[in-house]
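Student: Mind folding the following:
(one chain, ligands or ions: 1)
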Amino acid sequence: MQLIITNDYEELSERAAKIIIDTVKANPYAVLGLATGTTPLGLYKRLVADHEKNKTSYKHIRAVNLDEYKGLPSDHSQSYAYFMRKNLFGQIDIDLENTYIENGTAKDEMAECDRYDKLLGAMRRDIQLLGLGSNGHIAFNEPYTSFDSKTHVVDLAESTVRDNARLFNNADEVPKQAYTMGLSSIMQSKRILILASGANKAEAVRGAIMGEVTEAVPASILQRHGDCILIADKEAARLL
Ligand code: GLP
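Tutor: The predicted structure is shown next:
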(Lines give C-alpha, C1' and ligand atoms only; values in the text may rest on other atoms or scores of the structure.)
Protein backbone atom coordinates (compact mmCIF):
# COMPACT_ATOMS: atom_id res chain seq x y z
CA MET A 1 0.00 0.00 0.00
CA GLN A 2 1.30 3.42 -0.92
CA LEU A 3 0.95 5.94 1.90
CA ILE A 4 0.72 9.69 1.44
CA ILE A 5 0.59 11.84 4.58
CA THR A 6 -0.61 15.40 4.12
CA ASN A 7 -0.45 18.41 6.42
CA ASP A 8 -4.19 18.87 6.48
CA TYR A 9 -7.56 18.05 4.93
CA GLU A 10 -7.19 20.61 2.14
CA GLU A 11 -3.96 19.06 0.92
CA LEU A 12 -5.50 15.59 1.19
CA SER A 13 -8.42 16.70 -0.99
CA GLU A 14 -6.06 18.31 -3.49
CA ARG A 15 -3.92 15.18 -3.84
CA ALA A 16 -6.97 12.95 -4.18
CA ALA A 17 -8.57 15.25 -6.78
CA LYS A 18 -5.43 15.15 -8.90
CA ILE A 19 -5.49 11.34 -8.93
CA ILE A 20 -9.15 11.21 -10.02
CA ILE A 21 -8.75 13.97 -12.62
CA ASP A 22 -5.68 12.25 -14.06
CA THR A 23 -7.67 9.01 -14.27
CA VAL A 24 -10.49 10.73 -16.17
CA LYS A 25 -8.10 12.52 -18.51
CA ALA A 26 -6.17 9.32 -19.25
CA ASN A 27 -9.40 7.46 -19.98
CA PRO A 28 -12.53 9.53 -20.66
CA TYR A 29 -14.51 6.25 -20.62
CA ALA A 30 -13.26 5.21 -17.18
CA VAL A 31 -15.44 3.58 -14.56
CA LEU A 32 -15.15 5.41 -11.24
CA GLY A 33 -16.12 3.77 -7.97
CA LEU A 34 -17.35 6.60 -5.75
CA ALA A 35 -17.97 7.04 -2.05
CA THR A 36 -20.07 9.19 0.23
CA GLY A 37 -19.38 10.58 3.70
CA THR A 38 -17.82 13.88 4.70
CA THR A 39 -14.26 12.90 3.78
CA PRO A 40 -14.64 13.03 -0.03
CA LEU A 41 -16.48 16.38 0.02
CA GLY A 42 -13.31 18.44 -0.45
CA LEU A 43 -12.29 16.19 -3.32
CA TYR A 44 -15.72 16.52 -5.00
CA LYS A 45 -15.55 20.33 -4.67
CA ARG A 46 -12.25 20.26 -6.52
CA LEU A 47 -13.60 18.00 -9.26
CA VAL A 48 -16.44 20.48 -9.78
CA ALA A 49 -14.06 23.47 -9.79
CA ASP A 50 -11.76 21.72 -12.24
CA HIS A 51 -14.70 20.80 -14.47
CA GLU A 52 -15.78 24.45 -14.56
CA LYS A 53 -12.31 25.88 -15.06
CA ASN A 54 -10.52 23.28 -17.16
CA LYS A 55 -13.54 21.62 -18.75
CA THR A 56 -12.54 18.12 -17.70
CA SER A 57 -15.46 16.12 -19.04
CA TYR A 58 -17.38 13.26 -17.44
CA LYS A 59 -19.66 12.79 -20.43
CA HIS A 60 -18.58 9.21 -21.03
CA ILE A 61 -17.62 8.36 -17.47
CA ARG A 62 -19.58 5.74 -15.56
CA ALA A 63 -19.84 6.04 -11.79
CA VAL A 64 -20.68 3.22 -9.42
CA ASN A 65 -21.36 3.95 -5.77
CA LEU A 66 -20.51 1.83 -2.79
CA ASP A 67 -23.55 1.85 -0.58
CA GLU A 68 -27.03 3.14 0.22
CA TYR A 69 -29.21 3.27 3.31
CA LYS A 70 -31.94 0.65 3.28
CA GLY A 71 -35.38 2.19 3.28
CA LEU A 72 -34.45 5.62 1.96
CA PRO A 73 -35.76 6.55 -1.48
CA SER A 74 -33.28 8.21 -3.84
CA ASP A 75 -34.96 11.61 -3.43
CA HIS A 76 -34.60 11.53 0.38
CA SER A 77 -32.18 14.23 1.45
CA GLN A 78 -30.18 11.76 3.56
CA SER A 79 -29.90 9.11 0.87
CA TYR A 80 -26.52 8.58 -0.72
CA ALA A 81 -28.12 8.88 -4.17
CA TYR A 82 -29.20 12.42 -3.21
CA PHE A 83 -25.75 13.17 -1.73
CA MET A 84 -24.07 12.26 -5.00
CA ARG A 85 -26.39 14.38 -7.12
CA LYS A 86 -26.04 17.34 -4.78
CA ASN A 87 -22.30 17.24 -4.26
CA LEU A 88 -21.05 15.97 -7.60
CA PHE A 89 -23.28 14.65 -10.35
CA GLY A 90 -25.50 17.73 -10.52
CA GLN A 91 -22.47 19.96 -11.00
CA ILE A 92 -20.51 18.13 -13.68
CA ASP A 93 -21.50 16.89 -17.13
CA ILE A 94 -21.93 13.23 -16.21
CA ASP A 95 -25.01 11.54 -17.68
CA LEU A 96 -27.17 10.46 -14.72
CA GLU A 97 -28.00 7.33 -16.72
CA ASN A 98 -24.36 6.37 -16.27
CA THR A 99 -24.48 6.57 -12.47
CA TYR A 100 -25.29 3.52 -10.40
CA ILE A 101 -26.18 2.93 -6.78
CA GLU A 102 -28.17 0.32 -4.87
CA ASN A 103 -31.91 0.96 -4.67
CA GLY A 104 -32.62 1.54 -0.97
CA THR A 105 -36.34 0.86 -1.45
CA ALA A 106 -36.08 -2.29 -3.58
CA LYS A 107 -38.89 -4.70 -2.64
CA ASP A 108 -36.79 -7.82 -3.03
CA GLU A 109 -33.54 -7.51 -1.09
CA MET A 110 -31.85 -10.55 -2.60
CA ALA A 111 -32.81 -9.58 -6.14
CA GLU A 112 -31.40 -6.11 -5.56
CA CYS A 113 -28.07 -7.50 -4.32
CA ASP A 114 -27.97 -9.82 -7.29
CA ARG A 115 -28.71 -6.98 -9.71
CA TYR A 116 -25.88 -4.92 -8.25
CA ASP A 117 -23.38 -7.77 -8.33
CA LYS A 118 -24.14 -8.38 -12.00
CA LEU A 119 -23.63 -4.70 -12.70
CA LEU A 120 -20.33 -4.70 -10.80
CA GLY A 121 -19.20 -7.78 -12.68
CA ALA A 122 -19.86 -6.00 -15.96
CA MET A 123 -18.18 -2.75 -14.91
CA ARG A 124 -14.78 -3.21 -13.36
CA ARG A 125 -13.79 0.03 -11.67
CA ASP A 126 -10.64 1.72 -12.94
CA ILE A 127 -10.36 3.37 -9.56
CA GLN A 128 -12.37 2.91 -6.38
CA LEU A 129 -12.55 5.76 -3.91
CA LEU A 130 -13.06 4.83 -0.26
CA GLY A 131 -13.54 6.59 3.03
CA LEU A 132 -12.75 4.86 6.30
CA GLY A 133 -15.10 4.27 9.23
CA SER A 134 -13.71 4.98 12.69
CA ASN A 135 -14.16 1.25 13.39
CA GLY A 136 -12.19 0.29 10.28
CA HIS A 137 -15.17 -0.26 7.99
CA ILE A 138 -15.03 0.44 4.28
CA ALA A 139 -18.29 1.18 2.45
CA PHE A 140 -20.68 -0.33 5.01
CA ASN A 141 -18.67 -3.50 5.51
CA GLU A 142 -18.57 -3.57 9.29
CA PRO A 143 -15.98 -5.51 11.34
CA TYR A 144 -16.17 -9.30 10.82
CA THR A 145 -17.72 -9.03 7.36
CA SER A 146 -16.34 -11.86 5.25
CA PHE A 147 -13.50 -10.91 2.92
CA ASP A 148 -15.40 -12.91 0.27
CA SER A 149 -18.52 -10.78 0.59
CA LYS A 150 -20.47 -9.43 -2.36
CA THR A 151 -23.33 -6.94 -2.27
CA HIS A 152 -25.37 -7.51 0.86
CA VAL A 153 -27.58 -5.85 3.45
CA VAL A 154 -25.87 -5.05 6.73
CA ASP A 155 -27.00 -4.19 10.21
CA LEU A 156 -25.01 -1.07 10.95
CA ALA A 157 -22.69 -1.16 13.97
CA GLU A 158 -23.80 1.02 16.88
CA SER A 159 -20.67 3.12 16.47
CA THR A 160 -21.51 3.72 12.80
CA VAL A 161 -25.05 4.84 13.65
CA ARG A 162 -23.53 7.16 16.28
CA ASP A 163 -20.89 8.51 13.87
CA ASN A 164 -23.45 9.15 11.14
CA ALA A 165 -26.04 10.66 13.49
CA ARG A 166 -24.32 14.03 13.14
CA LEU A 167 -25.76 14.26 9.64
CA PHE A 168 -29.33 13.55 10.81
CA ASN A 169 -31.54 15.39 13.30
CA ASN A 170 -30.91 12.63 15.85
CA ALA A 171 -29.64 9.06 16.10
CA ASP A 172 -33.18 7.63 15.88
CA GLU A 173 -33.47 8.89 12.32
CA VAL A 174 -30.36 7.06 11.11
CA PRO A 175 -31.40 3.91 9.22
CA LYS A 176 -30.12 0.81 10.98
CA GLN A 177 -29.51 -1.15 7.80
CA ALA A 178 -27.83 -0.48 4.50
CA TYR A 179 -26.92 -2.06 1.19
CA THR A 180 -23.22 -2.24 0.60
CA MET A 181 -20.83 -3.38 -2.06
CA GLY A 182 -18.94 -6.35 -0.61
CA LEU A 183 -15.25 -6.55 0.16
CA SER A 184 -14.44 -8.96 -2.66
CA SER A 185 -16.04 -6.58 -5.19
CA ILE A 186 -14.11 -3.62 -3.78
CA MET A 187 -10.90 -5.61 -4.20
CA GLN A 188 -11.70 -6.20 -7.87
CA SER A 189 -11.15 -2.56 -8.67
CA LYS A 190 -7.95 -1.99 -10.67
CA ARG A 191 -6.86 0.73 -8.28
CA ILE A 192 -8.03 1.84 -4.85
CA LEU A 193 -7.79 5.31 -3.31
CA ILE A 194 -8.67 5.51 0.37
CA LEU A 195 -8.89 8.77 2.29
CA ALA A 196 -8.75 9.35 6.04
CA SER A 197 -8.90 12.65 7.84
CA GLY A 198 -8.93 13.57 11.51
CA ALA A 199 -7.83 12.11 14.82
CA ASN A 200 -10.90 9.85 15.15
CA LYS A 201 -9.62 7.82 12.18
CA ALA A 202 -6.11 7.29 13.58
CA GLU A 203 -6.79 3.90 15.13
CA ALA A 204 -8.51 2.66 11.97
CA VAL A 205 -5.65 3.92 9.80
CA ARG A 206 -3.16 2.05 11.93
CA GLY A 207 -5.25 -1.12 11.72
CA ALA A 208 -5.64 -0.74 7.96
CA ILE A 209 -2.02 -0.28 7.13
CA MET A 210 0.11 -1.80 9.89
CA GLY A 211 -2.08 -4.32 11.62
CA GLU A 212 -2.73 -7.95 10.90
CA VAL A 213 -4.94 -8.62 7.87
CA THR A 214 -8.10 -9.65 9.65
CA GLU A 215 -11.86 -9.51 9.16
CA ALA A 216 -11.98 -7.66 12.50
CA VAL A 217 -10.61 -4.65 10.59
CA PRO A 218 -12.26 -4.66 7.15
CA ALA A 219 -9.88 -2.04 5.73
CA SER A 220 -6.91 -4.33 6.46
CA ILE A 221 -7.89 -6.35 3.36
CA LEU A 222 -6.49 -3.46 1.31
CA GLN A 223 -2.97 -4.61 2.23
CA ARG A 224 -3.60 -7.45 -0.23
CA HIS A 225 -4.37 -5.11 -3.12
CA GLY A 226 -1.52 -4.50 -5.55
CA ASP A 227 -2.37 -0.86 -6.30
CA CYS A 228 -3.82 0.89 -3.29
CA ILE A 229 -3.07 4.46 -2.20
CA LEU A 230 -3.96 5.69 1.27
CA ILE A 231 -3.98 9.45 1.76
CA ALA A 232 -4.17 10.44 5.41
CA ASP A 233 -3.78 13.85 6.95
CA LYS A 234 -1.37 14.29 9.85
CA GLU A 235 -4.01 13.75 12.48
CA ALA A 236 -5.29 10.53 10.94
CA ALA A 237 -1.71 9.31 10.56
CA ARG A 238 -0.62 10.18 14.07
CA LEU A 239 -0.39 6.55 15.27
CA LEU A 240 1.79 5.36 12.41
C1 GLP B 1 -20.06 5.89 6.23
C2 GLP B 1 -20.00 5.38 4.78
C3 GLP B 1 -18.60 5.09 4.35
C4 GLP B 1 -17.71 6.22 4.78
C5 GLP B 1 -17.61 6.28 6.28
C6 GLP B 1 -16.79 7.44 6.79
O7 GLP B 1 -20.59 4.99 7.13
N8 GLP B 1 -20.82 4.26 4.50
O9 GLP B 1 -18.56 4.87 2.97
O10 GLP B 1 -16.43 6.02 4.27
O11 GLP B 1 -18.88 6.31 6.86
O12 GLP B 1 -17.52 8.62 6.74
P13 GLP B 1 -16.90 10.03 6.91
O14 GLP B 1 -16.10 10.30 5.69
O15 GLP B 1 -18.08 10.96 7.01
O16 GLP B 1 -16.07 10.01 8.14
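Student: residues in contact with D233?
Tutor: I5, T6, N7, D8, Y9, E11, L12, A196, S197, G198 (Cβ atoms under 8 Å, 6 or more residues apart in numbering). In short, each C-beta sits where N, CA and C put it, glycine included.
Student: Check the gap between Y69 and K45 for me.
Tutor: 23 Å (Cβ to Cβ, to the nearest Å).
Student: Pull the contacting residues for the residue nearest to V213 when sequence neighbours are not counted.
Tutor: Leaving aside its sequence neighbours, V213 sits nearest to S220 (Cβ to Cβ, 6 or more residues apart in numbering; 4.7 Å). Listed by Cβ under 8 Å, 6+ apart, the contact set of S220 reads G136, G207, A208, G211, E212, V213, T214.
Student: Please name whichever of those scores lowest on pLDDT.
Tutor: Here the lowest pLDDT out of the contacts of S220 sits on G211, with 87.
Student: one step back: ok, Y69 and K45, which is more surrounded?
Tutor: The neighbour count for Y69 versus K45, taken as other Cβ atoms under 10 Å, is higher for Y69 (24 against 15).
Student: I'd like the contacts of S220 laid out as JSON lines, including secondary structure and neighbour count.
Tutor: As requested, those are exported to JSON lines (DSSP: H, G, I helix; E, B strand; the rest coil; neighbours: other Cβ atoms under 10 Å):
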{"residue": "G136", "secondary structure": "coil", "neighbour count": "23"}
{"residue": "G207", "secondary structure": "helix", "neighbour count": "22"}
{"residue": "A208", "secondary structure": "helix", "neighbour count": "27"}
{"residue": "G211", "secondary structure": "coil", "neighbour count": "17"}
{"residue": "E212", "secondary structure": "coil", "neighbour count": "9"}
{"residue": "V213", "secondary structure": "coil", "neighbour count": "15"}
{"residue": "T214", "secondary structure": "coil", "neighbour count": "14"}
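Student: Out of these, which comes closest to the ligand?
Tutor: G136 (10.5 Å; Cβ to the nearest ligand atom).
Student: Apart from its chain neighbours, what residue comes closest to that closest one?
Tutor: In space, and not counting its chain neighbours, G136 is closest to V217: 4.0 Å by Cβ to Cβ, 6+ apart.
Student: doesn't G207 make contact with the one you found?
Tutor: Yes - contact criterion Cβ atoms under 8 Å: V217 and G207 qualify, at 4.0 Å.
Student: if I look at these two, which residues touch both of them?
Tutor: Each of G136 lies in contact with both V217 and G207 under the rule Cβ under 8 Å, 6+ apart.
Student: Would you point out which residue is most central in the chain?
Tutor: The residue lying closest to the centre of the chain (Cα atoms, centre = their mean) is A35, at 2.6 Å.
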